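Engineer: Using only what follows, build the 3D model:
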Amino acid sequence: MLSISFLDLAHNAMNSIGFLKGNLWFFAGVIFFAVVANFIPEPILSQSSEVKSKKKNSDEGGKDMMKKHRRQVLFSGIITAIGISLHNFPEGMAVFLGSMKGLRVGFNLALAIALHNIPEGVAVALPVYFATQSKWQAFKLATLSGFAEPLGVVIVAYLFPSNLSPEILEGLLGSVGGVMAFLTLHEMLPLAFDYAGQKQAVKAVFLGMAFMSASLYFLELSLPEEMSL
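Structural biologist: As a prediction, the model looks like this:
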């Protein structure tokens, strides 16, 4: 997510609409999501009777600590789902506009975006599964966050059937970069440090950045010049 934020979304916004406007859109996204995250209530984990009976024999302090950890991770998963939804929304717009240029352009763009959406879905599903121990809950939240992409297609198709200002689209994508940067640094990295340790988390960060950079490179190769990143 850091790779997409800084090396793709913010970088393209500054190249397309200028350094000042690109930065304004980027930090507008940061401020917007910081405010949104501040108003999201911390979730309360519901426990089944079986889990409760098993925990009666465990240490009370350990039980409270585990509950706190799971609540913290679930909260991070919900915040991540909201951030990914905001990220997917303008991507849907981009696929629609690319398809208007030609079927091949739209198909290549949709395929590349679908591939890099896989780790984003994992980023939503894993925290929710860890916190709730429910595969269904993890699948449901990850799927709901993905629905923002076709929603972006529908909205741009009805509101802007012929044209959408490229400057507005690039600005929106730049602000999404700010959202994802805030989400990663504020929610995901602190949890990674807590659960995996600083050294392992840093290794994972750079491994993830390398993976996403490679996917962006192959996306660049797959597109014609007029749709180049």
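
Engineer: in the protein, which spans are helices?
Structural biologist: Using DSSP state H, the helices of the chain run over residues 2, 10-17, 19-39, 49-55, 60-101, 103-132, 135-146, 148-159, 166-183, 189-196, 198-222.

Engineer: Serialize these to a markdown table and add fields for mean neighbour count.
Structural biologist: To be clear about C-beta, it is placed using only N, CA and C from the backbone, and glycine gets the same treatment. Formatted as a markdown table, the helices of the chain follow (neighbours: other CB atoms under 10 Å):
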| stretch | mean neighbour count |
| --- | --- |
| helix 2 | 19 |
| helix 10-17 | 19 |
| helix 19-39 | 16 |
| helix 49-55 | 10 |
| helix 60-101 | 19 |
| helix 103-132 | 18 |
| helix 135-146 | 17 |
| helix 148-159 | 16 |
| helix 166-183 | 23 |
| helix 189-196 | 15 |
| helix 198-222 | 14 |
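
Engineer: Adding mean pLDDT, write those out as CSV.
Structural biologist: Below are the helices of the chain laid out as CSV (pLDDT from 0 to 100):
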stretch, mean pLDDT
helix 2, 86
helix 10-17, 90
helix 19-39, 89
helix 49-55, 44
helix 60-101, 74
helix 103-132, 76
helix 135-146, 88
helix 148-159, 80
helix 166-183, 83
helix 189-196, 85
helix 198-222, 84
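
Engineer: Please name the nearest non-neighbouring residue to the residue nearest to the spatial centre of the chain.
Structural biologist: What sits nearest the mean C-alpha location of the chain, by CA atoms, centre = their mean, is Ile84, with 2.8 Å. Spatial nearest neighbour of Ile84, chain neighbours left out: Ser145 (4.6 Å); criterion: CB to CB, 6 or more residues apart in numbering.

Engineer: Distance-wise, check the one you found relative to Val179.
Structural biologist: To Val179, Ser145 is 13 Å away according to CB to CB, to the nearest Å.

Engineer: how much space between His87 and Ala196?
Structural biologist: For His87, the distance to Ala196 - CB to CB - is 24 Å.

Engineer: what does Leu86 give?
Structural biologist: 26 Å.

Engineer: go on, Glu91?
Structural biologist: 28 Å.

Engineer: just Met65 next, same as before
Structural biologist: 18 Å.

Engineer: now swap in Gly152 and tell me
Structural biologist: Distance from Gly152 to Ala196, by CB to CB: 33 Å.

Engineer: And Val122, by the same measure?
Structural biologist: Relative to Ala196, and taking CB to CB, Val122 is found at 15 Å.

Engineer: Can you check the pLDDT for Met188?
Structural biologist: Looking at Met188, its pLDDT stands at 80.

Engineer: One more: Ile40?
Structural biologist: 70.

Engineer: In contact with it, which residues are there?
Structural biologist: Contact analysis of Ile40 by CB atoms under 8 Å, 6 or more residues apart in numbering lists Phe75, Ile78, Ile79, Ile82.
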